[in-house]
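Engineer: My questions are about this predicted structure, shown below with the sequence.
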Amino acid sequence: MVLKVMMLLSFLILSACVSKSSQSLSNAPETANKTALGSDEKQERKTEISSDVLFLLMTAEIAGQRGQYDLALDGYMRASERVKDIDVIKRAAKIALYVRDDAKLKQAVDMWLEEEPDSLGARYLVAVAALNSGDRETAFTNTEFVLLQDDNNFDAQAISIVKQLTGQQSMDLAYQVFADLNAKYPDNAKLYFVLALMDVQTHKLRPAQDNVGKALAIEPQWKRALLLQSQLFITQGKLAAATEALQQIDELEKNEQIKEQVAQLLIQQGR
């Protein structure tokens, strides 16, 4: 809630600077609070803040709008420690992730988990920070939490985690963590699929084919896995097998692009 107020305040301040208005802003905090709280007042906890914290938040938001992310992060972190407002903490954590400041990311996420112990977003960020710092146990625990809480979207979450990693060492650790999870949950198709994608990224085509095959053995009609399988078959020159995989996708959901790919493969095979 405080964050919404600060964004509105900083917008008003910047607008006033651009227009060189002489109107006083002394009543801006009160007006902005009334506007931002509105109908949500009954649902959200209003955080009492002092004038110095208010200034921290305003300057942090303005710094962020100007692309001065280190200054913005410093302001949000200092404000988070003072007011313990979840929106401010989330903003601090996301900026820390963006600028790849692992120390401040961990600090922000720790505060986030104090306020929301079961937050999926916080656990996701803990997993990223743990992988980047080489903490396999913490990475496993929090990635497992994401898997169990959001299994339907886990492959997308896992890909997003991988994209946030800062080096090959972190990537290797991520693969180990997903492999560990795969050993614990061998009937989860999403884990095989994620491993297959990471295999492709490191040009390990045979393990990729094995893993995507195992994913499809569990979920035979999974279109994304079928598409990956077809691409792997094409890479290996197995055009007939690739055509069959694409035809399965077309049967599940009519798609003009898939039809075009099937037609091109059939032409290449002289069929």
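Structural biologist: Okay, I see it. Just so we're clear, the structure is a prediction, and the values are computed from it rather than from any experiment. Residues are numbered from 1 along each chain as shown.

Engineer: Assign residue 118 to helix, strand or coil.
Structural biologist: Under DSSP: H, G, I helix; E, B strand; the rest coil, residue 118 falls in the coil class.

Engineer: Can you report how many residues neighbour it?
Structural biologist: 9 (other C-beta atoms under 10 Å). (Each C-beta comes from the backbone N, C-alpha and C, glycine too.)

Engineer: List the contacts of it.
Structural biologist: Counting by C-beta atoms under 8 Å, 6 or more residues apart in numbering, residue 118 touches residue 149.

Engineer: For residue 108, see how far away it is.
Structural biologist: Distance from residue 118 to residue 108, counting by C-beta to C-beta, to the nearest Å: 17 Å.

Engineer: residues in contact with the residue nearest to residue 268 when sequence neighbours are not counted?
Structural biologist: Leaving aside its sequence neighbours, residue 268 sits nearest to residue 239 (C-beta to C-beta, 6 or more residues apart in numbering; 5.9 Å). Applying C-beta under 8 Å, 6+ apart, we find residue 239 in contact with 233, 265, 268-269.

Engineer: quick one, phi psi at residue 99?
Structural biologist: With angles defined as degrees, to the nearest 10, residue 99 sits at phi -90, psi 0.

Engineer: Run through the residues that contact it.
Structural biologist: Contacts of residue 99 by C-beta under 8 Å, 6+ apart are 69-70, 73.

Engineer: Kindly recompute the last result at 10 Å.
Structural biologist: Going by C-beta atoms under 10 Å, 6 or more residues apart in numbering, residue 99 touches 69-70, 72-73, 105.

Engineer: Residue 235 now?
Structural biologist: Counting by C-beta under 10 Å, 6+ apart, residue 235 touches 200, 203, 205, 208-209, 242.

Engineer: contacting residues for residue 208?
Structural biologist: Neighbour list for residue 208: 195-202, 228-229, 231-232, 235 [criterion: C-beta under 10 Å, 6+ apart].

Engineer: 7 Å instead, please
Structural biologist: Neighbouring residues of residue 208 by C-beta atoms under 7 Å, 6 or more residues apart in numbering: 196, 199-200, 232.

Engineer: From the centre of the chain outward, give me the first residue you hit.
Structural biologist: Centroid-nearest residue in the chain: residue 160, 4.8 Å away (criterion: C-alpha atoms, centre = their mean).

Engineer: which residues in the stretch 101-250 of the chain form helices?
Structural biologist: Secondary structure of the stretch 101-250 of the chain (DSSP state H, counting those that start in this stretch): helices at 102-115, 120-133, 136-149, 154-163, 168-184, 189-201, 205-218, 223-235, 239-252.

Engineer: buried ones in the last one?
Structural biologist: Residues of helix 239-252 classed as buried under the neighbour-count rule (16 or more other C-beta atoms under 10 Å) are 239, 242-250.

Engineer: Can you pull the poorly scored residue ranges out of the stretch 1-150 of the chain?
Structural biologist: For the stretch 1-150 of the chain, the stretches with pLDDT under 70 are 1-49.

Engineer: can we see that at 90?
Structural biologist: Scanning the stretch 1-150 of the chain for pLDDT under 90 picks out 1-70, 75-76, 78-85, 87-88, 97-103, 106, 133, 150.

Engineer: what's the answer for the stretch 151-271 of the chain, then?
Structural biologist: Residues of the stretch 151-271 of the chain that meet the criterion pLDDT under 90 lie in 151-152, 164, 166-167, 227, 230-231, 233-271.

Engineer: Would you reformat the buried residues of helix 239-252 as CSV and include distance to residue 56?
Structural biologist: CSV is the format used below for the buried residues of helix 239-252 (distance: C-beta to C-beta, whole Å):
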residue, distance to residue 56
239, 61
242, 57
243, 61
244, 61
245, 55
246, 55
247, 60
248, 56
249, 52
250, 56
